[in-house]
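Chemist: With the input below, show me the fold.
(2 chains)
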Amino acid sequence: MKSAVIVFPGSNRERDMLYALEKTTGHKPLAIWHQETSLPEVDLIVLPGGFSFGDYLRTGAIAGLSPIMSAVKEKAAKGVRVLGVCNGFQILAETGLVPGILLRNTHLKFVCKEVKLEVASTASDFTSRYTKGQIIRCPVAHHDGNYFADEATLNQLEAEDRIAFRYTSDTNPNGSIRDIAGILNEKRNVLGMMPHPENLIEPAQGGTDGKGIFESVLEAIA
Amino acid sequence: MKARIKITLKNGVLDPQGKAIGNALHQLGFDSVGDVRQGKYIEIDLRETDKAKARAALDEMCKRVLANTVIENYDIELDGE
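Modeler: Residues are numbered from 1 along each chain as shown, chains lettered A, B, ... in the order given. Just a heads-up that it's a prediction; the model follows:
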């Protein structure tokens, strides 16, 4: 599997993602600097976590205007899979690749802990290896992870089975509306999620619950 | 000319920072304080003398980067207005 991780100034989880991709797919992923203007043929593009551009203006807003993002949008429109984790999700939301936005956590604190996620949809190349309703463990680490969208958008997301992951109601770490932790775009080839599946892919990290996302993509391209 | 742009959260969008500021004001004894909403204020120097053109450019800046219209409203004020 060929994959590429986009690196922005202020990204800090790109190494975790590069490691997880190599470990789960057996192939070395590419690291692409944000000032590049084109992307090679890949099966998966990842926007990693971090604090791109210091979260200035709004989280993900400046990164969303980086030269590489035009190429990412083009690839996404052609159906290439795009995964945005944490700051990557914030960038996807700012560029409109997924609907809604991530606001400051309701309790105003940076949250770094493990939560439980319900796999709400298995109908995607990112979640097919899980079972619907399965509860998995996953770490979160963010200050602005409070998902928000208007009622019409939320109802549409639910009606179209585009909520990939929800926090279990007792572990919602940030006040996200309807416990939303990860959502899919309309064509289901873009997934944005706040939790970090790349940090739970081998026993040395305490578990392998996050591996399913990478295995699902592997299965999809097989 | 100078432009002043006010960016505010739309009604119905939760504002945890505004709430925290409100709580702090209550703690200081400002009992009359009700709802508090926090926004942004941006000043921009523009090399443009035509007000209509300036306003059109600023409107585009707000839509494309300065505000996220999913959750924010913006208000543009130009020098001498």
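Chemist: From now on I want contacts and neighbour counts done on CA atoms only, so please keep to that.
Modeler: OK.
Chemist: Next one: the residue nearest to A:N12 when sequence neighbours are not counted from B:E60, what distance?
Modeler: Computed as Cα to Cα, 6 or more residues apart in numbering or on different chains, the closest residue to A:N12 that is not its neighbour in sequence is A:G50, at 4.5 Å. Separation of A:G50 from B:E60 (Cα to Cα, to the nearest Å): 28 Å.
Chemist: Of these two, which one has the most company?
Modeler: Remark: of A:G50 and B:E60, A:G50 carries more neighbours, 24 against 12, as counted by other Cα atoms under 10 Å in any protein chain shown.
Chemist: Return the residues in contact with that one.
Modeler: By Cα atoms under 8 Å, 6 or more residues apart in numbering or on different chains, the contact set of A:G50 is A:G10, A:S11, A:N12, A:R13, A:C86, A:N87, A:G88.
Chemist: The fifth one contacts A:E198, doesn't it?
Modeler: This means A:C86. No - using Cα atoms under 8 Å, A:C86 makes no contact with A:E198, being 11.0 Å away.
Chemist: and the residue of chain B found nearest chain A, what does it touch?
Modeler: Among the residues of chain B, B:P16 lies closest to chain A, at 5.3 Å counting by Cα to the nearest Cα. The contact partners of B:P16, by Cα under 8 Å, 6+ apart, come to A:R104, A:N105, A:T106, A:H107, A:L108.
Chemist: tally of neighbours for the closest residue in space to the second one that isn't next to it in sequence?
Modeler: Read it as A:N105. In space, and not counting its chain neighbours, A:N105 is closest to A:N174: 4.5 Å by Cα to Cα, 6+ apart. For A:N174, the number of neighbouring residues by other Cα under 10 Å comes to 26.
Chemist: got it, and A:S66?
Modeler: As a burial measure, A:S66 scores 16 neighbours (other Cα under 10 Å).
Chemist: and the gap between it and A:E36?
Modeler: 9 Å.
Chemist: One more: A:I221?
Modeler: Look at A:I221 and A:E36: by Cα to Cα, they are 26 Å apart.
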